[in-house]
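A.B. asks: Sharing a model that was predicted from the sequence below.
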Amino acid sequence: MAMTYTMEPTTHELSPVDAAVLMKKYVTLLGMINYGTPEQKHVAKTHIKVLDKIIHKHLNSAAFETAQRNLGFSEEDIDAVTQTIH
């Protein structure tokens with residue numbers, strides 16, 4: 001009998017509510033990067049780099065995949081976000 005392993009979205013040392021707040025901040029910063037003034041874009045890029053490290057420390061890849069599905073992001077959307085941050 002073949003075993004199937006699935007990874008559940010998890011947070012490490014972070015409550016689900018705190019994870020949701022961080023993700024909301026992340027989305028807000030992305031909005032600033034896409035639609036803000038040059039000054040807002042600069043500030044948002046600085047903040048999102050710090051926030052990105054915090055989020056990746058506490059959330060597993062399944063949590064990101066679930067968020068991507070629930071928010072309806074395509075792979076192209078995710079690639080654009082990744083390039084904006086790095």
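C.D. replies: Great, that's in hand. Residues are numbered from 1 along each chain as shown.
A.B. asks: before we move on, which element is Q83 in?
C.D. replies: Using DSSP states H and E, Q83 maps to helix 75-85.
A.B. asks: any weak-confidence spans in this structure?
C.D. replies: The chain contains residues with pLDDT under 70 at 1-6, 81-82, 84-86.
A.B. asks: Which residue ranges of it form helices?
C.D. replies: Here the chain has its helices, by DSSP state H, at 16-35, 38-58, 61-71, 75-85.
A.B. asks: can I get the CA coordinates of the longest one in CSV?
C.D. replies: Taking Å, rounded to 0.1, in the frame of the first residue of the first chain, the C-alpha atoms of helix 38-58 are listed here in CSV:
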residue,chain,number,x,y,z
PRO,A,38,8.1,57.0,-5.7
GLU,A,39,8.7,57.8,-2.1
GLN,A,40,6.0,55.2,-0.9
LYS,A,41,7.5,52.6,-3.3
HIS,A,42,11.0,53.1,-1.8
VAL,A,43,9.7,52.9,1.8
ALA,A,44,7.6,49.8,1.0
LYS,A,45,10.5,48.0,-0.7
THR,A,46,12.6,48.6,2.4
HIS,A,47,9.9,47.3,4.8
ILE,A,48,9.0,44.3,2.7
LYS,A,49,12.5,43.0,2.6
VAL,A,50,12.5,42.9,6.4
LEU,A,51,9.0,41.5,6.6
ASP,A,52,9.8,38.8,4.0
LYS,A,53,12.5,37.4,6.2
ILE,A,54,10.2,37.3,9.2
ILE,A,55,7.4,35.6,7.4
HIS,A,56,9.7,33.0,5.8
LYS,A,57,11.1,32.2,9.2
HIS,A,58,7.6,31.4,10.6
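A.B. asks: For that helix, name the packing helices and strands.
C.D. replies: Other helices and strands packing on helix 38-58, by 3 or more CB pairs under 8 Å, 6 or more residues apart in numbering; DSSP states H and E, are helix 16-35, helix 75-85. Just so you know, the C-beta spots here come from the backbone N, C-alpha and C atoms, and that holds for glycine as well.
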